[in-house]
Every structure is written in C-alpha cells, then in structure tokens.
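Below are the sequence and a predicted model for it; my questions follow.
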Amino acid sequence: QVQLVESGGGLVQAGGSLRLSCAVSGSIDSIKAMGWYRLAPGKQRELVALIISGSTTNYADSVKGRFTISRDGAENTVYLQMNRLKPEDTAVYYCAADLVDSNLRNIYDLWGQGTQVTVSS
C-alpha cells in the first residue's frame, strides 16, 4: 500500500526556519506531482507549494521568496524548506501526491497525515 509519510513540523519563533519532508512509502513507478497544503483554524485549505514532474514549481503568493519546494527523485521524497517564518504560517501542513504505482495504476489525491507547524511571535 502506497502512503505518504510526513515529518519535520514543530514550534519555531518568528523569523526562524523549518524543513518538512514527505516520503512516499511503498512501491511506485513514478510521481506526477507532489505538493504541500496547509489548513489553519478558521481558514480554508490553501495550496502552499507544488512541484510537477520533479521540476516545475508553483507557490502561493504568501510564501514566495520564503519557501522552497524540492524533490529527491532517488528517495521519492519532497521537501518544503520554510524560511523567515511568520505567525500566520501556523497551520497543519499536509503533503499530497498524484503518482503511478508499481502496477502502473494512477493514484490521485493521496494525502499524508499532516504535521503541525506553529510559529510564535
């Protein structure tokens, strides 16, 4: 069974940095796209960053210049480097992926369990 396993959340002061990791667990053929979303209390889920086919990236305007998404193809892992964190970045961060499993079946909207990021002022 293919799963996404996230790690790296925590508590940090404003201006600090964190790196989130999302590893694909299980046998797959390829990854079409992976992204990070976040959900803060009282707010709608927001796309934070997306990486498509391992190279094309997109970011929410609120994180451009501060966050960087990258992918280690050999390890099937995606990272979100978050710098100059702000209190408004506080949220549960979820990893999501569209990929092809080892039987060449498409798996869409695979989600991780979420990791809490808290930025104190």
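Ah, there it is.

Show me the shaky parts of the chain.
By pLDDT under 70, the chain has no low-scoring segment.

Check whether the residue of it positioned farthest from its centre sits in a helix, strand or coil.
Most distant from the centre of the chain: residue 103, at 24.9 Å, with distances by C-alpha atoms, centre = their mean. Assigned by DSSP: H, G, I helix; E, B strand; the rest coil, the conformation of residue 103 is coil.

Check the one 10 residues further on too.
In the three-state summary, residue 113 is assigned as coil, counting by three-state DSSP.

show me what contacts residue 16?
85, 119 (C-beta atoms under 8 Å, 6 or more residues apart in numbering). Quick note: C-beta positions are derived from backbone N, CA and C, even for glycine.

before we move on, which element is residue 50 in?
Element membership for residue 50 (DSSP states H and E) is strand 46-52.

ok, and for that strand, which residues are buried?
Along strand 46-52, these residues count as buried under the neighbour rule (16 or more other C-beta atoms under 10 Å): 48, 49, 50, 51.

what is the residue positioned nearest the centre of the chain paired to in the beta sheet?
By C-alpha atoms, centre = their mean, the mean C-alpha position of the chain lies nearest to residue 36, the distance being 2.9 Å. Beta-bridge partners for residue 36, by DSSP bridges, are residue 49, residue 95.

Distance of it relative to residue 27?
23 Å (C-beta to C-beta, to the nearest Å).

how about JSON lines for the buried residues of strand 46-52, with distance to residue 108 added?
Formatted as JSON lines, the buried residues of strand 46-52 follow (distance: C-beta to C-beta, whole Å):
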{"residue": "48", "distance to residue 108": "19"}
{"residue": "49", "distance to residue 108": "19"}
{"residue": "50", "distance to residue 108": "14"}
{"residue": "51", "distance to residue 108": "16"}
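
ok, back up a step: check which helices and strands the strand holding residue 50 is in contact with.
Applying 3 or more C-beta pairs under 8 Å, 6 or more residues apart in numbering; DSSP states H and E, one finds that strand 46-52 contacts strand 28-39, strand 56-59, strand 67-72, strand 77-82.
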